[in-house]
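K.L.:
Quick one, fold the following:
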Amino acid sequence: MEDSDGNNRSLDEAEEIMLELQAESQVEIQTIALSSQEVEKKKLEKTRKETERTALNAKIDKLVSDKLTEFRNELTTTYKIKDGFELTKKADGTVDKDNRKEYGDLLQIKIRLETIRYLESGDESKDSSDDDENTAYNNLKTIQDNYNNSKLLLFSTIPGTTSADKCKRIKETTNDLQAYHDDYENLETAFTEDLKNKWQSAEANNFKTSAKLKELLESSFLKKDDKYDDFFKHIKGGTNGYENVKDVDTWGKLLLKDPKIVIITIKRYEYDNMEDTGDDKDKKKTQLERKIKKVLNKKGIDNLTDVEINTTLYEVAIGTKTLHAKALKDDLTEYSTTDDDTGNGNQTTDDTK
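P.N.:
Numbers count the residues shown, from 1 in each chain. Next up, the predicted model:
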């Protein structure tokens, strides 16, 4: 019986082991089945996403193709870049062909050519697939470099009411008149002058004369301590309203911008770098900030945005807004003879009374 009982126990144990193995096998089978299902789901998801990506790439390619076609049509039909950009004359001095463009148009052409390069290769410094476009781009770059490095823009800042006066002044001070003449002759064949027209606009009516433009460009503030280099370093940050000129590093490039941008840039630079020391009513930047708040009907505790500062500085410069003439306290009221110089309106007492 002992052998029989022992055998029975062995059989029972074997059955239990078999059952455990079967259970584990079922779990493994289910796990494998679930894993297979997950794999299939992932495959389907991948296929769906690849299909979506293909469709999206097709849309992007279509947008790029349409933009390339649009710009190339403009370049050939509107700007006629294949004709070049120069003024050519006959032997008798009369005009043969005048393919010059306004400088603003040249900049638009350059932007389109660079965009085409970027859309084609992702790098605007690389040549495009069109030889005419590459020729036009190289010609434009030469014209722009020559213009930015020329004395032509400086001529308007020379003192004098007539061109003859200016030439006389150049001859007397620098004896460099020939250089101005040479630059003018070289650039005359490159583009038509639209700079003067821009500054003759009604919006910039305070700067219609070269004297006023010179006053802006050679303000006593900029000339102080030779701040010209610092000016271009300051605006390169592209903040506080300098977003439109962060690529500018010469006066030539600056003056090619819209007059409003030029005026705001210079006036904001003056504002940012104003001295703010001494008695409260003598602090230049503090007083200007308060006067801007007052003309905008703000309270003394209010903050000014960059847009509010820049717009007001511009409107004052062109003569459409006038700032308060007298010094203001922090509550934007005028100082009186009994106010102290702290800006808080405290009154002094007279011990003799």
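K.L.:
contacts and neighbour counts: CA atoms only from here.
P.N.:
Noted.
K.L.:
Buried ones in the helix or strand residue 309 falls within, by neighbour count?
P.N.:
Using DSSP states H and E, residue 309 falls within helix 306-318. By 16 or more other Cα atoms under 10 Å, the buried positions in helix 306-318 come out as 309, 310, 311, 312, 313, 314, 315, 316, 317, 318.
K.L.:
Mind putting these into CSV with pLDDT and distance to residue 44?
P.N.:
Formatted as CSV, the buried residues of helix 306-318 follow (pLDDT from 0 to 100; distance: Cα to Cα, whole Å):
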residue, pLDDT, distance to residue 44
309, 93, 57
310, 91, 56
311, 91, 57
312, 93, 60
313, 92, 61
314, 89, 60
315, 89, 62
316, 90, 65
317, 87, 65
318, 83, 65
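K.L.:
Distance to residue 331 for the residues you listed - can I get that in a markdown table?
P.N.:
Below are the buried residues of helix 306-318 laid out as a markdown table (distance: Cα to Cα, whole Å):
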| residue | distance to residue 331 |
| --- | --- |
| 309 | 18 |
| 310 | 22 |
| 311 | 22 |
| 312 | 19 |
| 313 | 21 |
| 314 | 24 |
| 315 | 23 |
| 316 | 22 |
| 317 | 25 |
| 318 | 27 |
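K.L.:
Looking at those, spot the one nearest residue 127.
P.N.:
Nearest to residue 127 among these: residue 310, at 39.2 Å, using Cα to Cα.
K.L.:
For that closest one, list the residues it contacts.
P.N.:
Contact analysis of residue 310 by Cα atoms under 8 Å, 6 or more residues apart in numbering lists 241, 264, 267, 268.
K.L.:
In strands, which of those fall?
P.N.:
With DSSP state E as the criterion, strands contain none of the contacts of residue 310.
K.L.:
Kindly give a single ChimeraX line that selects the buried subset of those.
P.N.:
Typed into ChimeraX, the line below selects the buried ones among the contacts of residue 310, using 16+ other Cα under 10 Å:
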select :241,264,267,268
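K.L.:
which of the contacts of residue 310 sit farthest apart?
P.N.:
Largest pairwise distance in the contacts of residue 310, by Cα to Cα, is 10.7 Å, between 241 and 267.
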